[in-house]
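1. just coords:
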RNA sequence: GCGAAAGUGGCGGAAUUGGUAUACGCACUGGACUUAGAAUCCAGCGGAGCAAUCCAUGGGGGUUCAAGUCCCCCCUUUCGCACCA
């Protein structure tokens, strides 16, 4: 008795992984070689990238999902004939390594490299189609030296600078953080409360690019609106007027910023930040002085505030438009680091000003009213006590009117719309020299100093004579010293390491001290996608060996003399065609990376404006309703599942259980379902193996000839094709004699090919692609049950083989190992990756009847079978003969009208 | 508070353009095989009802011959921002 072949995922996966990695199946060249161009026709490039992992120890389900999605896209694009760059690396600087070092007395570098080794094995076990030759380890000086080079060049252009500033401090991580890294007043990494510190910090001048970062969002049509909106809000552009108010009885002026110049006549006080440089000068009483000190103290500790508080300075300012004397308040809700740190307060038309005015009994003066002059809509109520006084004065607003409207009580501007008045009043202010129109951004410069060890050293020394001086480019890299000790308290070990701190000034040669802060680890991830475009590192100095990638060979329009990547290669591969990662990086990483590529562009390294053309933000993997975490005890280790079911199963489930943008609820029983499906595929292939590979039914000669033409054109350059596979057949003549049932299945396959293609091209709802494949496999089982193999003829064999091969190819991006194996079992003459996407094949068989839903007054009453493409009248007549319909409609004369959707439904109105 | 997205069986989710709601999978129930179990296979599976039918896509209105899908109001959940003048 013939022994039945069982699905042995372990051997199958090992076999194909060995082949892929030994043969470097997924390696590509930096620039396409000649054989990638066929007859002058360029094979199109496709750069598929997933956010690279931090080597924290082991792969988790979030990684599995992320990389399964990316791999599905990469493999699909290869099938479609693209030249695909699909790299991977490790974002290996960061706090966990250092924390582990403190906790377990290990060395961060060793710890990191060990983790990378582990994770690399895990990733390879997943069978991901990476070009491993391009692996990046960002904590290696061969990577970060370039970052130091960029820093120096940015410093020289004023894009990197140091200033004393109020920065976010996380006591638990013992370092400062950028604004983007503070989430609702808490540290993005550890969740501790953030306090404010005044420190000298290095910044990248991202604000120089604020306008471009904002306007380019409009061109990112391949990004989710949600992410674009988050970035837009984060950049927070606002246009307004900066206006000078003279301080009464003093020679000084106070500059304020407003976006509502149209409300200038409604200003009833000015408010300035407690941290405003003029704050103390304006104070007139001892009492105010004491209260102000308290406000300042609080503002220095934290940005959070529970309640609006303020104090009247005793000083007044003059409204330049009407000469009105306005009290100046110091108010805790006015931010020093936005606009000018001072505002004109219009309580009638601003919520915050209103709240403050209520609290301190300041006048509220309405100057805008609803376009329809409907006062009622302004939430005004009569003050019953003050009966008899002028109407305007006895009215009291219960809430501010925030919208645009028509100006009232505004001198010559009365009657204008808000929009007109904004312009007119701004122009007037500019004419008289007391104001100018300005644009403000909420975005702040990116603070990149970190008071930690395990990061890229900032290549700066402080010379007693020359001040802050960047290192000479040829002295890079500035290596991170390894002989450090971790105390777990206080400052970074670098700050105490004299052998590191003591340096020579690159300018005067005198004594100097090194900067001991390291860079934010988001700097490494801001340009790694560009590094990947060049396979091997370029020589640091141009005069050394390799000239293959010489930057001077290209049309350099800059003074770039050395680069981590070949400009040509970067320009060829970038932007990344599909980027995939977690939505948690919507603002931080994705904004920094966009900024950085613009800087690299302006420094002359490449000619690309945006790093990521299309972005897919995948949801979290959750279990029992919450994110997997050790503390919740709901972590599922991918390795355990891979050992139990194989990686195809794990990949399949993570793609099948939910569309990628949604959160994925992990379900171990569901994993078994995926496993069962894979076995089902394998078994059906084995079932037909003997029959389909029988020499007696080998394809006729012309079968191959027919394809050769097309296939060669598409695949040459990928790999030499020994022979051509029988999956893509252009002419249905071969199947004329085939079984009708098979033809029906083929018709369904054609629908699936089409549908899968649209899903794989942008919506990425792999779950629906997989489910239609499941349906088709079920149908084939059904067919097998009803049809004895001995009754099948040659035509049936060809068609069946086409159907099975096509399903294997469609599923290959998700479960590559088993599909490769099955494809081989069915006698594929090449590996499945070179098979090409299945072609729609007409067998000449057309279904001539269809099912038509019959509705009466919009309610489904019956279903009939009718000839395809029947006319309305015929369908109506046919419907009226139906038993169920007869019950409701006895006579055709009752029918008022009917609506007919061809081949779908008829709605009879009675 | 502001902004965005979402709400469909017991569960994950289908229904891409308004046209037969609940595909596919999980769980569950019954049956076959088995000494028994596991695995597998077969059948059933939104709710009510003997049935004909009726009711169901968070709730309420509306547009339409026809609404999960479009419009308005409300509720809930998730995410982002939170004094940015």
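-> Good, I have the coordinates. Because the structure is a prediction, the values reported are computed rather than measured.

2. tell me which element residue A:438 is part of?
-> Using DSSP states H and E, residue A:438 falls within strand A:435-440.

3. which other residues reach the next helix or strand along the chain from that strand?
-> Note on strand A:435-440: by DSSP H and E, the next helix or strand toward the C-terminus is strand A:446-447. With contact meaning C-beta atoms under 8 Å, 6 or more residues apart in numbering, strand A:446-447 is reached by A:165, A:167-168, A:176-180, A:201-204, A:206, A:520, A:592, A:595. (Each C-beta comes from the backbone N, C-alpha and C, glycine too.)

4. can you check the pLDDT for residue A:733?
-> At residue A:733, the model reports a pLDDT of 59.

5. residue of the stretch 101-250 of chain A nearest RNA strand B, please.
-> Residue nearest to RNA strand B within the stretch 101-250 of chain A: residue A:238 (3.3 Å; C-beta to the nearest atom of the strand).

6. burial measure for the closest residue in space to residue A:495 that isn't next to it in sequence, as a count.
-> In this structure, residue A:495 finds its nearest non-sequential neighbour in residue A:516, 4.4 Å apart by C-beta to C-beta, 6 or more residues apart in numbering. Residue A:516: 20 surrounding residues under other C-beta atoms under 10 Å.

7. do residue A:766 as well
-> When neighbours are counted by other C-beta under 10 Å, residue A:766 comes out with 25.

8. ok, now which ones touch it?
-> Contacts were defined as C-beta under 8 Å, 6+ apart; by that measure residue A:766 touches A:69, A:72, A:655-656, A:659-660, A:759-760, A:814.

9. cutoff 7 Å now
-> By C-beta atoms under 7 Å, 6 or more residues apart in numbering, the residues touching residue A:766 are A:72, A:655, A:759, A:814.

10. residue A:270 in helix, strand or coil?
-> When classified by DSSP: H, G, I helix; E, B strand; the rest coil, residue A:270 comes out as strand.

11. what about it, how many neighbours?
-> Burial of residue A:270 is recorded as 25 neighbouring residues (other C-beta under 10 Å).

12. bridging residues for it?
-> According to DSSP bridges, residue A:328, residue A:344 are recorded as the beta-bridge partners of residue A:270.

13. ends of stretch A:463-471, how far apart?
-> From its first residue to its last, stretch A:463-471 covers 11 Å (C-alpha to C-alpha, to the nearest Å).

14. quick one: buried residues of that stretch?
-> By neighbour count, and taking 16 or more other C-beta atoms under 10 Å as the criterion, the buried residues in stretch A:463-471 are A:463, A:469-471.

15. so which of the residues you listed are in strands?
-> Secondary structure of the buried residues of stretch A:463-471 is defined by DSSP state E; positions in strands are A:463, A:469-470.

16. where does pLDDT dip in the stretch 301-450 of chain A?
-> Counting by pLDDT under 70, the ranges of the stretch 301-450 of chain A that qualify are A:372-397.

17. RNA strand B contacts on that one?
-> For the stretch 301-450 of chain A, the residues in contact with RNA strand B (C-beta under 7 Å from any atom of the strand) are A:303-308, A:332-335, A:338-339, A:341, A:343, A:350, A:352, A:355, A:440, A:442.
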